[in-house]
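Visitor: A predicted structure for the sequence below; I have some questions about it.
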Amino acid sequence: MIQLEALHKSYTVDGRQIAALQGVDLQVRPGEVFGVIGASGAGKSTLLRVINLLERPDQGRVIVAGQDLLSLDAAGLRAARQRIAMIFQHFNLLSSRTVAQNVAWPMRIAGWPTARIDARVQALLARVGLTEHTHKYPAQLSGGQKQRVGIARALALEPQVLLCDEATSALDPETTRSILDLLAEINEELQLSIVLITHEMDVVRRICDRVAVLEGGRIVEEGPVAEVFLHPKSPTARRFVMAAEHVDEGEQRDDHAHVQGHLWRLTFLGERTYEPLLGEVARHAQLDFGILSGRIDRIKRVPYGQLTIAVTGGDLPAARQLLADRGVQVEELRA
Ligand SMILES: Nc1ncnc2c1ncn2[C@@H]1O[C@H](COP(=O)(O)OP(=O)(O)OP(=O)(O)O)[C@@H](O)[C@H]1O
């Protein structure tokens with residue numbers, strides 16, 4: 001549904017070329033939530049803004065819903081952009097207009113009749129839970145409420161794609177969760193594709209199906225979120241996961257240097273996460289283990305657990321086999 005091919009984009013600043021995208025290929029499937037994560041300056045905003053040609057690439061192709069956007073004339077591009085909505089970190093609401101007028105704005109521009117606009121505004125505000133704030137101005141709203149207005153406005157023309165530009169970065173953790181929940185619900189209800197950019201792995205973990213890690217204008221890792229989050233391969237992806245888990249790699253290494261035995265990291269995914277497996281493995285293979293760190297959480301709606309344990313004595317191959325038989329992935333951090 002979104003196909004980006006061999007994208008290159010540079011900016012000229014004071015006569016110098018700054019390469020923001022250096023050959024990006026990406027496909028976003030219909031109905032999926034796709035995250036792009038990267039540090040500041042990695043090229044995330046540029047990549048997102050290329051999808052609706054707010055930024056024109058120097059080279060490459062941008063195909064959305066089968067249409068090659070770079071081949072369209074002005075009228076064709078205007079029509080295509082109605083199907084590609086966007087929400088922003090700082091909401092970008094019109095401060096002199098009420099909530100209802102902000103949401104009505106794209107429909108007015110598109111020339112809808114007033115009665116149709118009014119009905120749609122009401123429905124959209126009800127959907128995002130803002131009916132009682134219909135006649136307020138943006139300055140009278142909280143950050144989370146402002147983003148709900150942004151979402152209602154973005155949905156006005158029934159887009160097929162929703163681009164989210166650091167949409168929760170200005171919000172506190174609880175509000176972030178409620179906005180991400182709303183986006184996930186909307187994704188399911190409307191089956192639109194969502195592309196979001198963020199510098200937080202937690203945002204990716206909560207709502208994305210797949211993720212690409214961007215660094216220096218290139219994708220350095222890409223895959224299903226469970227794969228990238230639980231088994232990051234690139235140093236950049238590892239750094240983002242560690243930051244999300246509040247783990248300091250150096251401190252962890254020091255801690256592990258003090259324990260005896262083999263170090264294993266076990267990854268449980270799905271309902272298996274809650275099974276009382278470790279005791280059984282210890283009895284079966286006659287080994288002892290100590291838990292060094294662990295976390296149980298969810299990737300989108302799927303529970304996962306990751307445990308780092310120190311293992312001593314016993315029949316280690318038998319233990320590994322039993323864990324593998326039960327679908328638990330074992331990585332040996334130290335033999
Ligand atoms: N309009 C512009 N003019 C000149 N340089 C730009 C412009 N926009 C982006 N850049 C440069 O291009 C590179 C990529 O920027 P971009 O904003 O896409 O990264 P980002 O990953 O979104 O960063 P951030 O998270 O800080 O927003 C950076 O080096 C940036 O300075």
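Guide: Perfect, I can see it now. Treat the numbers as computed from the prediction; the structure is a model and nothing was measured. Numbering: from 1, shown residues only.

Visitor: make it CA atoms for all contacts and neighbour counts henceforth
Guide: Noted.

Visitor: what about residue 120, neighbour count?
Guide: Residue crowding around residue 120 was assessed by other Cα atoms under 10 Å; the count is 19.

Visitor: what helix or strand is residue 146 on?
Guide: helix 143-155 (DSSP states H and E).

Visitor: tell me which helix or strand comes right after that helix.
Guide: strand 161-165.

Visitor: does that following strand reach the ligand?
Guide: No: Strand 161-165 lies out of reach of the ligand by Cα under 6 Å from any ligand atom, never closer than 8.5 Å.

Visitor: with just CA atoms, put that strand into CSV.
Guide: C-alpha atoms of strand 161-165 as CSV (Å, rounded to 0.1, in the frame of the first residue of the first chain):
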residue,chain,number,x,y,z
VAL,A,161,-2.9,6.3,5.6
LEU,A,162,-2.3,8.2,8.8
LEU,A,163,1.2,9.6,9.3
CYS,A,164,2.2,10.3,13.0
ASP,A,165,5.1,12.7,13.5
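
Visitor: report pLDDT for residue 268.
Guide: The confidence metric pLDDT takes the value 89 at residue 268.

Visitor: wait, it touches residue 328, no?
Guide: Yes: taking contact to mean Cα atoms under 8 Å, the distance of 5.2 Å between residue 268 and residue 328 places them in contact.

Visitor: what's the domain layout of the chain?
Guide: 2-243, 258-334 (automatic domain parsing).

Visitor: ends of the last one, what's the gap?
Guide: Domain 258-334 has its terminal residues 13 Å apart, counting by Cα to Cα, to the nearest Å.

Visitor: could you check how far it is from the centre of its chain?
Guide: Taking Cα atoms, centre = their mean, to the nearest Å, one finds domain 258-334 lying 28 Å from the centre of the chain it belongs to.

Visitor: how about the residues of the protein by the ligand?
Guide: Residues of the chain lying near the ligand (Cα under 6 Å from any ligand atom): 11, 13, 20, 38-46.

Visitor: among those residues, name the buried ones.
Guide: Of all those considered here, the ones buried according to neighbour count by 16 or more other Cα atoms under 10 Å are 20, 38-39, 42-46.

Visitor: which ones are touching residue 192?
Guide: 30-32, 159-162, 186 (Cα atoms under 8 Å, 6 or more residues apart in numbering).

Visitor: all helices for the chain, in order.
Guide: With DSSP state H as the definition, the chain shows helices at residue ranges 44-51, 74-82, 99-109, 114-127, 143-155, 173-190, 201-207, 225-230, 235-244, 249-257, 277-285, 316-325.

Visitor: so which of those gets nearest residue 335?
Guide: Evaluated with Cα to Cα, those place helix 316-325 nearest to residue 335, the distance being 10.6 Å.

Visitor: so that closest one versus helix 277-285, what angle?
Guide: Counting by axes from the mean of the first three to the mean of the last three Cα atoms, to 10 degrees, helix 316-325 points 140 degrees away from the direction of helix 277-285.

Visitor: which residues sit against helix 316-325?
Guide: Helix 316-325 is contacted by residues 281-282, 284-285, 287, 329-330 when judged by Cα under 8 Å, 6+ apart.

Visitor: let's go with 10 Å and repeat that
Guide: Counting contacts by Cα atoms under 10 Å, 6 or more residues apart in numbering, the residues outside helix 316-325 that touch it are 262, 264, 266-268, 277-278, 280-287, 326-331.

Visitor: mean confidence for it?
Guide: Helix 316-325 shows a mean pLDDT of 92 in the predicted model.

Visitor: so residue 230 sits against residue 240, correct?
Guide: No: Residue 230 sits out of contact with residue 240 when judged by Cα atoms under 10 Å, with a separation of 11.4 Å.

Visitor: higher neighbour count, the two?
Guide: When neighbours are counted by other Cα under 10 Å, residue 230 and residue 240 differ, and residue 240 comes out ahead with 21 against 17.

Visitor: so, low pLDDT: which residues of the stretch 1-150 of the chain?
Guide: Under the criterion of pLDDT under 70, none of the stretch 1-150 of the chain is flagged as low confidence.

Visitor: show me what contacts the closest residue to residue 207 other than its chain neighbours?
Guide: For residue 207, the nearest residue in space outside its immediate sequence neighbours is residue 300; the separation is 5.1 Å by Cα to Cα, 6 or more residues apart in numbering. By Cα under 10 Å, 6+ apart, the residues touching residue 300 are 181, 184, 203-209, 225-226.

Visitor: output those in TSV; the columns should cover neighbour count.
Guide: Putting the contacts of residue 300 into TSV (neighbours: other Cα atoms under 10 Å) gives the following:
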residue	neighbour count
181	15
184	19
203	22
204	26
205	23
206	19
207	25
208	25
209	19
225	24
226	20
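
Visitor: which of the residues you listed sit farthest apart?
Guide: With distances taken as Cα to Cα, the most widely separated pair in the contacts of residue 300 is 181 and 226, at 18.4 Å.

Visitor: what pairs with residue 306 across the strands?
Guide: Here residue 306 sits in beta bridges with residue 267, residue 295, as judged by DSSP bridges.

Visitor: also residue 5?
Guide: Note on residue 5: beta-bridge partners by DSSP bridges are residue 61.

Visitor: run a quick check on it versus residue 58, I expect a contact.
Guide: No: the pair residue 5 and residue 58 fails to qualify as a contact (Cα under 10 Å) at a distance of 11.9 Å.
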